[in-house]
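Participant: Following is a predicted model, sequence given first.
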Amino acid sequence: MKCFYKLLNQHQSPFRSTYVVYVSYDQLNDQIGPLSQYPPEQTTIIMIESSWKGTRRSYHKQKLAYILANSRNFALEQAKRGVHVIYRSCTTRFSVELSKVISEYDFTSIQMMEPAERELRLDIEPLVEKKIINIVPHEGWLSTTQDLLATRQYPPWRMDSFYQRLRKKTGILMKNGKPIGGKYSFDKDNRKPWKGKPTVPSLPQFEVDSIKEEVAQTILQYFSNHPGKLDIKTVPASKEEAQRLWDWAKKTCLYNFGPFEDAMSSKSSSLFHTKISPLLNIHRLLPKDVIYDVEKLEIPFNSKEGFIRQVLGWREFMYHVHCVTDGFRRIPTKDGLVRYEVVNWGDYVLDGGSLINELQAEMPLPAAFWGKRSGLFCLDHCVQKVLDDGYTHHIPRLMILANIATLLGIKPREITDWFWVAFIDAFEWVVEPNVLAMGTFATGEVLSTKPYISGANYINKMSDFCRSCQFDPKKNCPITSLYWSFLEKHKERFAHNFRMKMILKTLQRRSQPQKKHDIAVTDWLQLQLQQGVAVTASKRPSLQHETE
């Protein structure tokens, strides 16, 4: 960190203790919270980067690059603004190093916006209880937990109700109290497959300066055993680079975002998605700014509404569900709280992840999710893109990775933790609602009415993956057998689910030989993947007269 500290010292302002703010790794913006209110020349900020956090889980190298490069650049930006910066690198928990700084400088009161991550909240809780750290609301969010509870006090919570409430509250895409276009969601207009046109924009690259070079060296030296590839030139790290990525997205992505929002392609892991999610989640870009920017753009309304629904609706909804349920450790009900067992991740008791598992899925995560070939092109391709880049957009996450994990019966906690370490935009408040709750249906109907599952037909319709696969989606793809055997296994569980009635009626029409064959293919696929063996079409259990 020699270059970083040299630059920091060059721009460092005199120490002052009028206002002291602790800035965490995901609050890197001076337009919200105490930093937006205090005069720079009277303010000191404390920032800490910890290898304890970096090694707590095997986070993707590219995710570590986003956090470290943006943190160091933010520190420099604040120093140039006139803020005094105390920047520490350590191997301990944040609270331990923070206590050292407090003792060294004799600080008696520090301001901090409420951490988004539960794990950090627990870490600093003793300092909060001692009133050394004063927690103020996190101004990066556009809603409050009360906005969720106003739609319903306990599950089932539904994103559409929450989203409609926020549209009315903010006035975004509203006119005279009514939604522009006559309805709140244009999702049905956003389901076109992409067949090569329009052209997908090339992702921008960014200058590799001395700060990024040091970040890359740090990662390769201390986190070399972590998964993924490191491509530091694709990481926007400064305030200007974050804005440059957003300007690129507005200009080249958002016009076509809507129609192809759900499309998947082997030629691009992002298509017309903006790739700003890691910057939003560390608040390098502010959700309110990107929403207001998009509201003003001259783009098709389904693209405009689709993007805003993702940020104003989905993102805020997931965060508040995670807060209210304490990461699905407890689910409020009409009669009280239902608590769930947790797994312990390490050196303090309260941070175990929820083991909620509504469908009792018990298969260990197979090596296919770490790059061992499965023989299923869609799975192998998406896993490899994640291992390479730490990214695919939300439909491959939901309808390939989580879908196949759910159909296989992989333990929800294991696939959730894989998402947590593998994606550049992954934090617990994002991952657990998306994977435990929505992706694997491990929380039941808490926030979705039915499992997000499909057979090969959907994958073939929305992607080009099947063209490169040894299996035929209309004849012998194992994913279709997985789908039907999953429904057969859980048919009693979903018997009274109104959104499952039609597909369960179709299930009833499948013959007993077909059902036995579905189970045989599922057993075969599970066994092969557990043994780390790639499946082949020639060894797939066969049925003489197969039908879909």
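Facilitator: Sure, I can see it. Numbering: from 1, shown residues only.
Participant: and stretch 266-276, which residues are buried?
Facilitator: Residues of stretch 266-276 classed as buried by neighbour count (16 or more other Cβ atoms under 10 Å): Ser268, Ser269, Ser270, Leu271, Phe272, His273, Thr274, Lys275, Ile276. (Each C-beta comes from the backbone N, C-alpha and C, glycine too.)
Participant: just stretch 323-333 next, same as before
Facilitator: Neighbour-count burial for stretch 323-333 [16+ other Cβ under 10 Å]: Cys323, Val324, Thr325, Asp326, Gly327, Phe328, Arg329, Arg330, Ile331, Pro332.
Participant: before we move on, what about stretch 235-246?
Facilitator: Neighbour counts over stretch 235-246 (16+ other Cβ under 10 Å) mark Val235, Pro236, Ala237, Ser238, Lys239, Glu241, Ala242, Leu245, Trp246 as buried.
Participant: Of the buried residues of stretch 323-333, which belong to strands?
Facilitator: Among the buried residues of stretch 323-333, the members falling in strands (DSSP state E) are Arg330, Ile331, Pro332.
Participant: Would you confirm that the first one contacts Val342?
Facilitator: No: applying Cβ atoms under 8 Å, one finds Arg330 not in contact with Val342, separated by 10.2 Å.
Participant: unless I'm mixing things up, Asn403 is touching Ser454, no?
Facilitator: Yes: the pair Asn403 and Ser454 passes the contact test of Cβ under 8 Å, sitting 6.0 Å apart.
Participant: sorry, back to before: may I see the ones in strands among the buried residues of stretch 323-333 organised as CSV, with distance to Cys378 and pLDDT added?
Facilitator: Supplementary listing: these in CSV, determined by distance: Cβ to Cβ, whole Å; pLDDT from 0 to 100:
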residue, distance to Cys378, pLDDT
Arg330, 36, 94
Ile331, 33, 95
Pro332, 37, 93
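Participant: got TSV for the residues you listed, with distance to Thr91 too?
Facilitator: Listed next are those as TSV, based on distance: Cβ to Cβ, whole Å:
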residue	distance to Thr91
Arg330	33
Ile331	37
Pro332	38
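Participant: Please name every helix or strand in contact with the helix or strand harbouring Val321.
Facilitator: In this assignment (DSSP states H and E), Val321 forms part of helix 316-324. Where contact means 3 or more Cβ pairs under 8 Å, 6 or more residues apart in numbering; DSSP states H and E, helix 316-324 is packed against helix 145-151, helix 159-170, helix 428-431.
Participant: and the following helix or strand past the second one, average pLDDT?
Facilitator: Right, the one you point to is helix 159-170. Going down the chain from helix 159-170, the next helix or strand is strand 174-175, by DSSP H and E. On average, the pLDDT along strand 174-175 is 98.
Participant: do the same with stretch 408-423
Facilitator: The pLDDT scores in stretch 408-423 average 97.
Participant: I'd like the distance from it to the chain centre, please.
Facilitator: Its chain's C-alpha centre and that of stretch 408-423 lie 12 Å apart, by Cα atoms, centre = their mean, to the nearest Å.
Participant: Out of the buried residues of stretch 266-276, which sit inside helices?
Facilitator: If you go by DSSP state H, the buried residues of stretch 266-276 have nothing in helices.
Participant: Quick check: the two most widely separated of those residues?
Facilitator: Across the buried residues of stretch 266-276, no pair lies farther apart than Ser268 and Ile276, at 16.2 Å, counting by Cβ to Cβ.
Participant: Retrieve the pLDDT associated with Leu337.
Facilitator: Here, the pLDDT recorded for Leu337 equals 87.
Participant: same question but for Asp351, I mixed them up
Facilitator: Asp351 is assigned a predicted lDDT (pLDDT) of 60.
Participant: do you know how far Tyr222 is from Leu7?
Facilitator: 21 Å (Cβ to Cβ, to the nearest Å).
Participant: okay, the two: which has more neighbours?
Facilitator: Taking neighbours as other Cβ atoms under 10 Å, Tyr222 and Leu7 compare with Leu7 leading, 19 against 14.
Participant: just checking, what packs against the lowest-mean-pLDDT helix or strand in the chain?
Facilitator: In the chain, no helix or strand scores lower on mean pLDDT, DSSP states H and E than strand 342-343, which sits at a mean of 86. Applying 3+ Cβ pairs under 8 Å, 6+ apart, one finds that strand 342-343 makes contact with strand 353-354.
Participant: The strand it packs on pairs with which strands?
Facilitator: strand 342-343 (antiparallel) (DSSP bridges).
Participant: more crowded one of Asn403 and Ser454?
Facilitator: Taking other Cβ under 10 Å, Asn403 and Ser454 do not tie; Asn403 has more neighbours (28 against 20).
Participant: how about the helices in the stretch 51-200 of the chain?
Facilitator: Here the stretch 51-200 of the chain has its helices, by DSSP state H, counting those that start in this stretch, at 51-56, 61-81, 94-105, 118-129, 145-151, 159-170.
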